[in-house]
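> Dropping a prediction and its sequence here:
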Amino acid sequence: MGIVNVTPDSFSDGGKFLESDRACEHALKLAESGAEILDLGAESSRPGSDPVSKEVQLERLLPLLESLRPETKAVISIDTRSSEVARNCLALGADVVNDISGLRSDSELAVVCAEYHAGLILMHMQGEPASMQHSPQYRDVVSEVKSSLLDSVRSAKAEGIAVDHLLVDPGIGFGKTFIHNYQLLNAIKEFRTLAAGVLIGPSRKAFTAEFSAAAPSQRQFPTAAAVAIAILNGADVLRVHDVAEMRQVSDICDRYLEIVHEHD
């Protein structure tokens, strides 16, 4: 999954693709580089960020979607917590909704996805982006995140969304310490029982810079390590900025797993 941020303030590439023409060009390059899913987002969810109105999200997303949809067969995902934003984008040909709140911001979002037979990604987040990294605490991060995601999955299924249309995301960096992130990466297989698959989004996150002072755009190597860890622990979808580089990482990991399983 390639990230396309149509925002002025995303932590890694804010403002870089705010114009729809540039965003469309970037998205198509990601698809050419091996992205099977393009995740379009118009609301930054970086730590400390404020909510963006549905009107502003639509102003940013609809022109991009109108340009992009005819040009690619890639799956198009919309990163939003708003059912109205989701409805408008699905009507223009988007395929999936990526909800970082796990249906806690707008329960109507599941109804909209069911209506359009769209895929739905349910993420765990402790708190809100503005405050989630102030002091995240858990007694048992894996069991608590799993329980929360199970509630989200049940809510989605109650609105008629089939389990094969659902992915879960434990929310790396969303109300988690560095240690929590590693514990969740180690437990990916535990989340696979909840839905059709598990999405992991480690790309350029702060925990990948624990051992360096690298700026977000310079975190490809530690991101590659996190991507490899995720794949080897059972991740199905990786949400990343640097698609070409991470595609190479995933190809090697997939080949390794294929050979190991053949000779078990």
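Ah, there it is. Numbers count the residues shown, from 1 in each chain.

> From now on I want contacts and neighbour counts done on CA atoms only, so please keep to that.
OK.

> any idea how far K176 lies from S135?
According to Cα to Cα, to the nearest Å, K176 and S135 sit 8 Å apart.

> Name the residue in the two with the higher neighbour count.
Neighbour count, other Cα atoms under 10 Å: between K176 and S135, K176 has more, with 24 against 9.

> surely that one meets Q133?
Yes. With contact defined as Cα atoms under 8 Å, K176 counts as touching Q133 (6.7 Å).

> Overlap in contacts, the two.
The contact sets of K176 and Q133 do not overlap (Cα atoms under 8 Å, 6 or more residues apart in numbering).

> Can you show me the strands along the stretch 101-250 of the chain?
In the stretch 101-250 of the chain, the strands defined using DSSP state E, counting those that start in this stretch lie at 119-123, 166-169, 197-200, 237-238.

> In CSV, list these along with mean pLDDT and mean neighbour count.
CSV is the format used below for these (pLDDT from 0 to 100; neighbours: other Cα atoms under 10 Å):
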stretch, mean pLDDT, mean neighbour count
strand 119-123, 99, 26
strand 166-169, 99, 26
strand 197-200, 99, 25
strand 237-238, 99, 22
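
> any chance of these in JSON lines, plus distance to V96?
As requested, these are arranged in JSON lines below (distance: least, Cα to Cα, whole Å):
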{"stretch": "strand 119-123", "distance to V96": "4"}
{"stretch": "strand 166-169", "distance to V96": "9"}
{"stretch": "strand 197-200", "distance to V96": "13"}
{"stretch": "strand 237-238", "distance to V96": "13"}
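
> who's in contact with stretch 160-171?
Residues contacting stretch 160-171 (Cα under 8 Å, 6+ apart): 100, 110-111, 113-114, 117-125, 145-146, 149, 153, 157, 184, 191, 194-201.

> Now with 6 Å, please.
Outside stretch 160-171, the residues that touch it by Cα atoms under 6 Å, 6 or more residues apart in numbering are 114, 119-125, 195-200.

> quick one: which of the residues you listed is nearest to V6?
For the contacts of stretch 160-171, the closest approach to V6 (Cα to Cα) belongs to I121, at 19.2 Å.
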